[in-house]
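Colleague: The amino acid sequence is not available; the structure is as follows:
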């Protein structure tokens, strides 16, 4: 969605690794489901997946609906690219307490989809929280991240990206 699309990840990590950003503003887990085949078809070393903010904000989906879509996405990746490691990134909070409660419930259910080997859960949420919602210093509108927000996200991904870079 726009959280992923809004960052030049390859530039942010400043490395020569091939990082492709497939985020699309306004996208939902159903949208990713419809196009994940193309991503899996290139047999990536890893997929970092965070989708669902718009499931709640635009579609009012329940956590179980979003998790069901994640399951379908994971099945396609497993079938098309079994060696790919999938990193499920927790859905970030927003400035809305009700959304943050929805994302916490969804994230707990997403954690259950992981095996710690081929599907790994990355809990990114804690550094972004302040008084139970997205810290205002990381966002310009209570949903989308600013530069400091992306740097906080990057900091959490740094060890994983470094590990993957050593595998290339």
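Modeller: Done, it's in. The structure presented is a predicted model; accordingly, all values stated were derived computationally and were not measured. Numbering: from 1, shown residues only.

Colleague: from here on, contacts and neighbour counts on C-alpha atoms
Modeller: OK.

Colleague: What is the lowest-mean-pLDDT helix or strand in the chain packed up against?
Modeller: Lowest on mean pLDDT, DSSP states H and E among the helices and strands of the chain sits helix 9-13, with a mean of 90. Applying 3 or more C-alpha pairs under 8 Å, 6 or more residues apart in numbering; DSSP states H and E, we find helix 9-13 packed against no helix or strand.

Colleague: Report the mean per-residue pLDDT for the very next helix or strand once past that helix.
Modeller: Following helix 9-13 in sequence order, the next helix or strand is helix 29-40 (DSSP states H and E). For helix 29-40, mean pLDDT is 96.

Colleague: Which SSE is immediately downstream of helix 29-40?
Modeller: Using DSSP H and E, the helix or strand that follows helix 29-40 towards the C-terminus is strand 46-49.

Colleague: what's the distance between the helix or strand following that following strand and the middle of its chain?
Modeller: Next along the chain after strand 46-49, taking DSSP H and E as the criterion, comes helix 53-57. Centroid displacement of helix 53-57 relative to its chain, using C-alpha atoms, centre = their mean, to the nearest Å, is 13 Å.

Colleague: Same check on stretch 39-51?
Modeller: Centroid separation for stretch 39-51 versus its chain: 11 Å, with C-alpha atoms, centre = their mean.

Colleague: quick one: buried residues of it?
Modeller: 39, 40, 44, 45, 46, 47, 48, 49, 50, 51 (16 or more other C-alpha atoms under 10 Å).

Colleague: do stretch 131-151 as well
Modeller: Using 16+ other C-alpha under 10 Å as the test for burial, stretch 131-151 gives 132-136, 138-139, 142-146, 149-151.

Colleague: Residue 28: neighbouring residues, count only.
Modeller: Burial of residue 28 is recorded as 22 neighbouring residues (other C-alpha atoms under 10 Å).

Colleague: make that residue 64, sorry
Modeller: 13.

Colleague: What are the contacting residues of stretch 127-146?
Modeller: Contacts with stretch 127-146, where a contact means C-alpha atoms under 8 Å, 6 or more residues apart in numbering, come from 2-3, 92-97, 100, 147-150, 152.
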